[in-house]
Every structure is written in C-alpha cells, then in structure tokens.
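>>> no sequence for this one, just the structure:
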C-alpha cells in the first residue's frame, strides 16, 4: 500500500532562515508527489508537484522540493522563510491505481517567528 | 476560472440529525473527490466520482454516509444520522485528469465544510 510520512508535527524557524519540511514516501512504481499548504480557515492550496524529470522542483511562493529516489524523500524547502509562510503543510502521493486519489501525510505545522 | 466551492462552510448539528454537504467542482472537471480531516489527524479519502459514476468509495466510513453526483456536475454528501465521531472538516476536490496512468494533475480543493456534531 502506498503511504506518506511527515515525521515532524511542527517546525519552528526564524524569519529569514532557510526552512525544510520533511516527507518520505512508500509506493510501488514511480511516485507522483505533491505538496499542499493550508492557511487557517482555507482549503488546501497546491504548491508543487514531482512527476518526472529534474529532482529539484520549483513551485509557488518561492518553495521548492527535492525528490530523492534512493532515500524515498520529497522534502519541501525555502531559502528564506517569511512570517506569512506559517501554515499547515501536507505532503501527498497520487495513487497509481484506477482512482488517482491523493494519499496524505499527517501534516506539519510551520511556525515562522519574526 | 471559479474554484471548487463548498457549502455550507460550517454546520453544527445534534447527534441523530441529518446534514447534507454540497460541492461544486471546477467546470469541466470530471473527477470529484471527497476527503475528511478529523481533528488533528491526516486527511482521509472518502470517495471518488468520475462524472456521475462512483469510481471508488472504499473510504466511506459506513452506510450512514451517502454521496451523489447527479448529472456529473455538483456533488452532495449526506450524513444520516450523524454521530459525534463524524465531526471534522470535509473537503471536496476536483481534477481534470483523464484516466489511469494520467493522474499527474493537481487536485483543486474547496475551503471545506467544518461539521460539528454535538
């Protein structure tokens, strides 16, 4: 069965510092990986995806993610965090069966302090 | 284009009552998904429509939950009768993928319906 793990419930970063939100996955076959962000009282917003190609994927709001097949990881990164980046982040893998449903990690709360 | 819209944004009902949630996907998106997040836990898949057909309803918790998508446009999710453990945020999402092997588009999510059963 396919699964995603986000080992950290919360990540705290000072504004201006680089941030990393970790994600590891377990899939059969090639993974389709996604990152979503949820701001308070809002829905999930798509940040970026990895389907194939370059291991470093760039997305919205200056975020990027690095696909590492040997470590089965897809960590989300940003070189310089903003207070406005504080939100709940979800890593997900797309099911490769008939439905294409997303399978989510538990979510990681990012707190960026001024 | 208009995004995925969900109604109501909040619903507070008593145990044993019925609630119906509605989702309007992005126009032209054949795929419609329902998800639920119970307090502090991961987002769980409920079911998937392709147009008006249920492609996968393996995530539906029990027969108190009924989802429909008449005409392949908007969808409703009815909970009857509601129980305390049904409380959570229900998300709807849509995508324009076209079949297995082509699921590389992102899902577009609505803002969710926060359901509280007291």
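Happy to help now that I have it. Predicted model only: the values in this text are computed from it and were never measured.
>>> next secondary structure element downstream of the strand or helix carrying residue A:25?
Using DSSP states H and E, residue A:25 falls within strand A:24-26. Once strand A:24-26 ends, the next helix or strand along the chain (criterion: DSSP H and E) is strand A:33-38.
>>> what's around residue A:79, how many residues?
Using other Cβ atoms under 10 Å in any protein chain shown, the number of residues around residue A:79 comes to 11. Backbone N, C-alpha and C define where each C-beta goes, glycine included.
>>> so where is the chain shaky, pLDDT-wise?
Just going to use chain A. A:98 (pLDDT under 70).
>>> hmm, no, I was thinking of chain B.
For chain B, the ranges with pLDDT under 70 are B:1, B:98-102.
>>> closest to the geometric centre of it, which residue is that? Let me know.
Closest to where the C-alpha atoms of chain B average out (Cα atoms, centre = their mean) is residue B:34, at 2.7 Å.
>>> can you pull the contacts of it?
By Cβ atoms under 8 Å, 6 or more residues apart in numbering or on different chains, the contact set of residue B:34 is B:23, B:45, B:46, B:47, B:48, B:67, B:75, B:77, B:90, B:91, B:92.
>>> go ahead and confirm residue A:50 touches residue A:67.
Yes - taking contacts as Cβ atoms under 8 Å, residue A:50 lies within contact range of residue A:67: 4.6 Å.
>>> shared neighbours, these two?
With Cβ under 8 Å, 6+ apart, residue A:50 and residue A:67 have common neighbours A:33, A:57, A:74.
>>> tabulate those (JSON lines), appending neighbour count and distance to chain B.
Putting the shared contacts of residue A:50 and residue A:67 into JSON lines (neighbours: other Cβ atoms under 10 Å in any protein chain shown; distance: Cβ to the nearest Cβ, whole Å) gives the following:
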{"residue": "A:33", "neighbour count": "22", "distance to chain B": "10"}
{"residue": "A:57", "neighbour count": "21", "distance to chain B": "12"}
{"residue": "A:74", "neighbour count": "28", "distance to chain B": "14"}
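>>> and of the residues you listed, the nearest to residue B:112?
Closest approach between these and residue B:112, by Cβ to Cβ: residue A:33, at 22.6 Å.
>>> give me the beta-bridge partners of the closest one?
Bridge pairing for residue A:33 (DSSP bridges) gives the partners residue A:50, residue A:93.
>>> quick check: which element contains the residue nearest to the centre of chain B?
strand B:31-37.
>>> what strands flank that strand, and is each parallel or antiparallel?
In its sheet, and by DSSP bridges, strand B:31-37 pairs with strand B:43-50 (antiparallel), strand B:88-95 (antiparallel).
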